[in-house]
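Could you work out the structure for the sequence below:
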Amino acid sequence: MARARVPGFGWLMVALALVLAQVAATLLLPKGPTLTFATDANCFLLMVLVGGIFASNAARTSGRLRLFWVLLASCWATRSAVQLLWIYFDVVLRANVSNPFAGDVLFFLSNTPVLAALLLQSQGSSLASRRAEDLVDFALLLCWWLYLFIYFVLPWHIVSLNEKNYGTNYDRLNLLLDVLLLLVLAFLIRRSSGKWRMFYVSLLLAQVFITFSGYLSNEAMVHGVYYSGSLYDLPYAAAVAAFTICGTIGNALTSEAAEPQISGKALPSTKLGMLALVSMPIITCVSVLAHRYPASVTHFREFVIMGTVLVMAILVFIRQSQMTAQLSNAADELQEAAITDLVTGARNRRFLEAVLPKDVSRVVRAYETESSPEISDLVFYMVDLDNFKEINDCFGHARGDAVLVEAARRIKSVMRDSDILVRWGGDEFLVVSRYADRATASHLAMRLLQALAQPTDVDNPIRTTCSIGWAAFPWYQERPNEVSVDAVLGLADRALYRAKSAGKNRAVGFCPNNGRHDSDPVVAGDWCETVGLGADCLDDLGQD
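Numbers count the residues shown, from 1 in each chain. Model prediction:
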């Protein structure tokens, strides 16, 4: 029997081999150029290996998961670039790396994409619908982070060289970023579960390991006992290799089914971005009041503050515009939900109450101002599915809801775009035919009967019919205000009751008899009936 392949097992073996190679080089090679090259090259290969694992995970995913893995891979791509600079100094120039080092800014920024990736994950599934908004939030945080580096560290490199101030501020900011990373990871561990929790735990342990090993190397440099390839490089090599374990665990999290699920509230990235903006003047005031700096440093920092405020103000303006658009969209969605039936997608009675008065006014105005108005009627069709209760009893309410959804779709398919479909209640719909002609009202009733008479399911067909009652507004064309629209709706409902009583699967219309004039429309009405798939207009079938 073939053994099951362990995902990422090959990556782990390569990482282990590189760590063992570093151990061998440290123990066997004497201090000198060969050991330096072996150590620097080995560290570079380990970084490329870690970046390759995360990049391979990105290649197997899409959407927000791909962005997550790309951000992690970019961290190690940046660190690999810094390591190449280090090799250039150590091997090509054979000179000690300068302090401050030109690659420090790249190394400082290498963890920023990791923080962005973790903040991305902390949003849970919400990011799918607000990716542009979160990108602005992340840009605010990145701008703030660059501000801290340029304000506190860079002046002591390019304005007034001071190795002590440079190193102290650089180390403090690195420590701050490490703390932020660990706090976000702790949040993710607490709010996640399953394989994602295992991944975050491994990432936290690896981050703690590499922070501790970096601290050991820095202390050795301070005390003058560090050299490339010394014992202090072994913990760092092992710490970099530990990230291959994270990438290997991540192999199982590259499917869409492995979308991270965050329980509880997500981290408020918008508030974090705004907090970063608010913290700028506070940091600046504390820094100015606590110390006296050279004038050149002070002027440099003034320009940094003005430039950063300008950039962040633009980002805040963009974010505010996004929030305004979000509020507008949310209001539109709430309004749409308030006037839409959740099951069928048809309009509800609230929508009808909002639009019907305008249609009634239009129709009345047309009849009062025009001598012979054409296609100005409102025709109301009450559509009720026959024997719907039996469908629910035999097949369940879920199947019944599916029948209602299909019925609404078929009704819409024979309506005009100007017509309105309303879920009247239960299995009853109301079709409001606008700009209609009552003389041809039975045509739409016929199409509705035909559309709803077809089976509603291919595999397990449910055949249902419908009963329809219809009436037109205005009731009296010569006196459009005499009978209200509510009364006409009642007449359509009365016609529906007659269709049900007469055997179902038919449409019955109720229209005024031109030879009768009475304030009670029921007294002065005639029936018009469409039965099954055939149509007969029955004038004066008697009073109900």
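
quick one, strands of this protein?
For the chain, the strands defined by DSSP state E occupy 377-385, 420-425, 428-436, 466-473, 506-512, 525-531, 534-536.

other SSEs contacting the first one?
Just to be clear, that refers to strand 377-385. Counting contacts by 3 or more C-beta pairs under 8 Å, 6 or more residues apart in numbering; DSSP states H and E, strand 377-385 packs against helix 349-369, helix 397-414, strand 428-436, helix 441-452, strand 466-473, helix 485-501. For the C-beta atoms, the positions are set from N, CA and C on the backbone; glycine is no exception.

just so I know, which of those lies nearest residue 113?
Of all those, it is helix 397-414 that lies closest to residue 113, at 45.2 Å by C-beta to C-beta.

Tell me which of the strands of the chain lies nearest to residue 298.
strand 420-425 (69.5 Å).

ok, residues contacting the closest one?
By C-beta atoms under 8 Å, 6 or more residues apart in numbering, the surrounding residues in contact with strand 420-425 are 341, 343-344, 346-349, 351-352, 355, 382, 408, 411-412, 415, 429-432, 434.

likewise stretch 31-39?
21-22, 25-26, 29, 87, 90-91, 94, 227-230, 233.

is the closest residue in space to residue 422 that isn't next to it in sequence in a bridge, and if so with what?
The spatially closest residue to residue 422, leaving aside those adjacent along the chain, is residue 430, at 4.2 Å (C-beta to C-beta, 6 or more residues apart in numbering). Beta-bridge partners of residue 430, counted by DSSP bridges, are residue 382, residue 422.

so what's residue 430 up against?
By C-beta under 8 Å, 6+ apart, the contact set of residue 430 is 352, 380, 381, 382, 383, 421, 422, 424, 489, 492.

re earlier: only the buried subset of the contacts of stretch 31-39, as a PyMOL command please.
Selection of buried members from those for PyMOL, criterion 16 or more other C-beta atoms under 10 Å:
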select buried, resi 21+22+25+26+87+90+227+228+229+233
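
Am I right that residue 81 is in contact with residue 106?
Yes: contact criterion C-beta atoms under 8 Å: residue 81 and residue 106 qualify, at 6.1 Å.

and this protein, what are its domains?
9-255+269-337, 349-536 (automatic domain parsing).

okay, those domains in CSV with mean pLDDT next?
CSV is the format used below for these (pLDDT from 0 to 100):
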stretch, mean pLDDT
domain 9-255+269-337, 84
domain 349-536, 84
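
list the buried ones in stretch 410-417?
Applying 16+ other C-beta under 10 Å to stretch 410-417 flags 410, 411, 412, 414, 415 as buried.

what's the most distant pair in those?
Using C-beta to C-beta, the pair of the buried residues of stretch 410-417 lying farthest apart is 410 and 415, separated by 9.9 Å.

Dump the contacts of stretch 31-39 to TSV, plus distance to residue 242.
Output for the contacts of stretch 31-39, formatted as TSV (distance: C-beta to C-beta, whole Å):
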residue	distance to residue 242
21	16
22	14
25	19
26	18
29	24
87	22
90	24
91	26
94	31
227	24
228	21
229	20
230	20
233	15
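
Next one: residue 36 from residue 23, what distance?
Residue 36 is 16 Å from residue 23, where distance means C-beta to C-beta, to the nearest Å.

Which one of the two is surrounded by more residues?
Between residue 36 and residue 23, counting by other C-beta atoms under 10 Å, residue 36 is the more crowded of the two (20 against 15).

what's the closest residue to the more buried one other than its chain neighbours in contact with, if anything?
Ranked by C-beta to C-beta, 6+ apart and with sequence neighbours excluded, the top spatial neighbour of residue 36 is residue 228, at 4.3 Å. Shown in contact with residue 228 (C-beta under 8 Å, 6+ apart): 35, 36, 39, 40, 90.

ok, the closest residue in space to residue 207 that isn't next to it in sequence to residue 296 distance?
Among residues not flanking residue 207 along the chain, residue 181 sits closest, at 5.8 Å (C-beta to C-beta, 6+ apart). For residue 181, the distance to residue 296 equals 34 Å [C-beta to C-beta].

do the same with residue 58
44 Å.

neighbour-wise, which of these two wins?
residue 58 (21 against 11).

Contacts only, for the residue lying closest to the more buried one once chain neighbours are set aside.
With sequence-adjacent residues excluded and distances taken as C-beta to C-beta, 6+ apart, residue 58 is closest to residue 69, at 3.6 Å. With contact set as C-beta under 8 Å, 6+ apart, residue 69 has these partners: 54, 55, 57, 58, 61, 250, 254.

wait, what's in contact with the third one?
Residues touching residue 57, when contacts are defined by C-beta under 8 Å, 6+ apart, comprise 69, 247, 250, 251, 253, 254.

tell me which of those is nearest to residue 144?
For these, the residue nearest residue 144 by C-beta to C-beta is residue 69; the value is 24.7 Å.

And that closest one, how far from residue 13?
In this structure, residue 69 and residue 13 are 21 Å apart, going by C-beta to C-beta.

same question, residue 205
Here residue 205 is placed at a distance of 20 Å from residue 13 (C-beta to C-beta).

ditto for residue 142
As judged by C-beta to C-beta, residue 142 and residue 13 stand 36 Å apart.

Tell me which of those two has more neighbours.
residue 142 (18 against 11).

so what's the nearest residue to the more buried one once chain neighbours are set aside up against?
Excluding the flanking residues, the one nearest residue 142 by C-beta to C-beta, 6+ apart is residue 112, at 6.1 Å. Residue 112 makes contact with 142, 145, 177 under the criterion C-beta under 8 Å, 6+ apart.

Provide a list of residues in contact with the second one.
Read that as residue 145. Per C-beta under 8 Å, 6+ apart, neighbours of residue 145: 109, 112, 177.

mind redoing it with 7 Å?
For residue 145, the contacting residues are residue 112, by C-beta atoms under 7 Å, 6 or more residues apart in numbering.

And it, how far from residue 105?
For residue 145 relative to residue 105 (C-beta to C-beta), the value is 11 Å.
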